[in-house]
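Enquirer: what's the 3D shape of this:
(one chain, ligands or ions: 1)
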Amino acid sequence: MKKRTRVTHPPAVAVPPDNRPLVAPIYKSVKFSFDDVGETLGYFGGRRAGYYYSREANPTLRQLELSLAELQGRDACLLTGSGIAAISATMIALLRQGDHVVYFAESYPPTRALIRKLLARYGVEATQLSIEDHAGLEGTLVARPTRLIVFESPTNPVLKVADLARITALAKAHGALTLLDNTLAGLHNHGQYEVDLYAHSLTKFASGHGDVMGGAVIGRRDLVESLRDDFTLLGPTLDPDAAYLIQRGLRTYFVRWERQCENAQRVAEFLAGHPAVSRVRYPGLRDDPGHALAGEQMDGCGAVVCFDLEAGTEAGSRFAESLELFSIAASLGSTESLVVPPAMQQPRGFTPEQLAWSAIGPGTVRLSVGIEDLDDLVDDLRQALALL
Ligand SMILES: Cc1ncc(COP(=O)(O)O)c(C=O)c1O
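Expert: Numbering: from 1, shown residues only. Below you'll find the predicted structure:
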């Protein structure tokens, strides 16, 4: 082999089967080759295992898919380059023109925009309710054949806890599928309910360090496999480097989750006792409307704390700017603490009724609590509140 050829065909290095690396390598190869056409066709026909093209499947992604499915208590998973890609590709794959979707005013705004604006362009119809309105949900399901219910628990940003047993029972009784965005609850929660598909932004708790984006849809094998061809056509797949970072983040998932829940609980308790704060939403607080339900449904209430400043929107901006340890930034669930002031999360395009459902007021602040020393976090909040 001449050197010009060698540089494009480097020597293969095999690792003996009894000599395992403790960290799996990153399979960066886009293509995987079989030695003959028959085997390749056998792979295409599903008659043999293997890989062919990384947009469709890749061993590094496969390891992460298996880890996430097991954490969520299901047997199949598809990965995407962001959380919103998991939600959009799943809805596009499941829905047809004329289908009806139920979604909720309390949900992550881009998910609502996807349904209300993008899917509407393709003839998908939708009804928006409050996540607390079980009678409204039942009435809607009775009145209209519904293909899909898209919901969150706890909701972002106000942390309402959805009644999973009730919502999934209604969905089953009326033949609707459920897609639960489980991002704020983490990967280990809610597997005991009859949810059809779980979506996650892996950008948040799974990776945990704010340096990689990813998404996943998780469910039982037949349903997830029915999405695979459309995912391959839409092409939202995760890059193997990103999959590797998320898999590495998972090693500390429970340590981070437990520490963040502990810090968030104490931060919520501190805020609840502060005179400048008119309301705190955190399901771990005894008097939170979702406390009992969260106790039944969840192991840990997560890192997001939502509260209202009596002094309103402008004071909320001053408060956020006065914080030293909480950065004004999007996202949540990472090791560092973040704040979203009221001015950055006022809902748009809501009717007064929907605005009331959203429970976002002029002074609503969202915190994502990290793993820093709790005393430092509380001192920082105290000094910023004292300046109001
Ligand atoms: C509840 C929820 N779902 C989905 C997403 C979207 O995730 P990503 O930013 O990875 O696309 C977010 C992001 O903030 C979120 O909070």
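
Enquirer: okay, CA-based contacts and neighbour counts for the rest of this
Expert: OK.

Enquirer: Could you tell me how many residues sit around Val124?
Expert: 19 (other C-alpha atoms under 10 Å).

Enquirer: you'd agree it is up against His100?
Expert: Yes. If you go by C-alpha atoms under 8 Å, Val124 and His100 touch, sitting 6.1 Å apart.

Enquirer: Show me where the stretch 1-150 of the chain has its helices.
Expert: Ranges of helices in the stretch 1-150 of the chain, per DSSP state H, counting those that start in this stretch, are 3-6, 37-44, 59-72, 83-94, 109-113, 120-121, 134-143.

Enquirer: Please identify the buried residues of the third one?
Expert: Applying a neighbour-count criterion of 16 or more other C-alpha atoms under 10 Å, one finds 59-62, 64-72 buried in helix 59-72.

Enquirer: Which other helices and strands does that helix contact?
Expert: strand 76-80, strand 215-219, helix 240-250 (3 or more C-alpha pairs under 8 Å, 6 or more residues apart in numbering; DSSP states H and E).

Enquirer: Can you tell me which of those is nearest to Gln346?
Expert: strand 215-219 (25.5 Å; C-alpha to C-alpha).

Enquirer: Just give the strands next to that closest one in its sheet, each with its orientation.
Expert: strand 76-80 (antiparallel), strand 197-201 (antiparallel) (DSSP bridges).

Enquirer: ok, and for the helix or strand following that strand, which residues are buried?
Expert: Proceeding N to C from strand 215-219, the next assigned helix or strand is helix 221-234, under DSSP states H and E. Using 16+ other C-alpha under 10 Å as the burial criterion, the residues of helix 221-234 that qualify are Val224, Leu227, Arg228, Phe231.

Enquirer: give me the residue from the stretch 251-388 of the chain nearest the ligand.
Expert: Closest to the ligand within the stretch 251-388 of the chain is Ser331: 4.7 Å, counting by C-alpha to the nearest ligand atom.

Enquirer: Secondary structure element holding the residue nearest to that residue when sequence neighbours are not counted?
Expert: Excluding the flanking residues, the one nearest Ser331 by C-alpha to C-alpha, 6 or more residues apart in numbering is Lys204, at 6.9 Å. Following DSSP H and E, there is no helix or strand that holds Lys204.

Enquirer: any idea how far the ligand is from Lys204?
Expert: Using C-alpha to the nearest ligand atom, to the nearest Å, Lys204 is found at 7 Å from the ligand.

Enquirer: Spit out the contact partners of the residue nearest to Phe319 when sequence neighbours are not counted.
Expert: Using C-alpha to C-alpha, 6+ apart and skipping the chain neighbours, the partner closest in space to Phe319 is Ala384 (5.4 Å). Applying C-alpha atoms under 8 Å, 6 or more residues apart in numbering to Ala384 gives the contacts Phe319, Ala320, Ser322, Leu323.

Enquirer: Narrow these to those in helices?
Expert: Phe319, Ala320, Ser322 (DSSP state H).

Enquirer: would the residue nearest to Phe319 count as being in a strand?
Expert: No. Assessed with DSSP: H, G, I helix; E, B strand; the rest coil, Ala384 is helix; it does not lie in a strand.

Enquirer: quick one: buried residues of stretch 341-356?
Expert: For stretch 341-356, by 16+ other C-alpha under 10 Å, it's Pro341, Pro342, Ala343, Met344, Gln345, Pro347, Gln354, Leu355.

Enquirer: residues in contact with that stretch?
Expert: Against stretch 341-356 from outside (C-alpha under 8 Å, 6+ apart): 105, 129-130, 312-314, 316-317, 320, 328, 360-366.

Enquirer: Can you pull the residues of this protein lying near the ligand?
Expert: 82-84, 108, 156, 181, 183-184, 201, 203, 213-215, 331 (C-alpha under 6 Å from any ligand atom).

Enquirer: longest helix of the protein?
Expert: helix 253-272.

Enquirer: picking that back up, will you turn the buried residues of helix 59-72 into CSV that also has pLDDT?
Expert: Converted to CSV, the buried residues of helix 59-72 look like this (pLDDT from 0 to 100):
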residue, pLDDT
Pro59, 97
Thr60, 98
Leu61, 98
Arg62, 98
Leu64, 98
Glu65, 98
Leu66, 97
Ser67, 97
Leu68, 98
Ala69, 98
Glu70, 98
Leu71, 98
Gln72, 98
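
Enquirer: Of all pairs in those, which one is the farthest apart?
Expert: Pro59 and Gln72 (20.0 Å).

Enquirer: ok, Tyr53 touching Lys31?
Expert: Yes. Using C-alpha under 8 Å, Tyr53 makes contact with Lys31 at a distance of 4.8 Å.

Enquirer: Tell me what angle the longest helix of the chain forms with helix 240-250.
Expert: 70 degrees (axes from the mean of the first three to the mean of the last three C-alpha atoms, to 10 degrees).

Enquirer: elements contacting helix 253-272?
Expert: strand 277-281, strand 304-309, helix 374-386.

Enquirer: mind redoing it with 6 Å?
Expert: Under the contact definition 3 or more C-alpha pairs under 6 Å, 6 or more residues apart in numbering; DSSP states H and E, helix 253-272 sits against no other helix or strand.

Enquirer: residues near the closest residue to Thr364 other than its chain neighbours, how many?
Expert: With C-alpha to C-alpha, 6+ apart as the criterion, Thr364 has its nearest non-adjacent residue at 4.3 Å, and that residue is Asp308. By other C-alpha under 10 Å, the residues close to Asp308 number 24.

Enquirer: Leu387 now?
Expert: Neighbours of Leu387 under the rule other C-alpha under 10 Å: 10.
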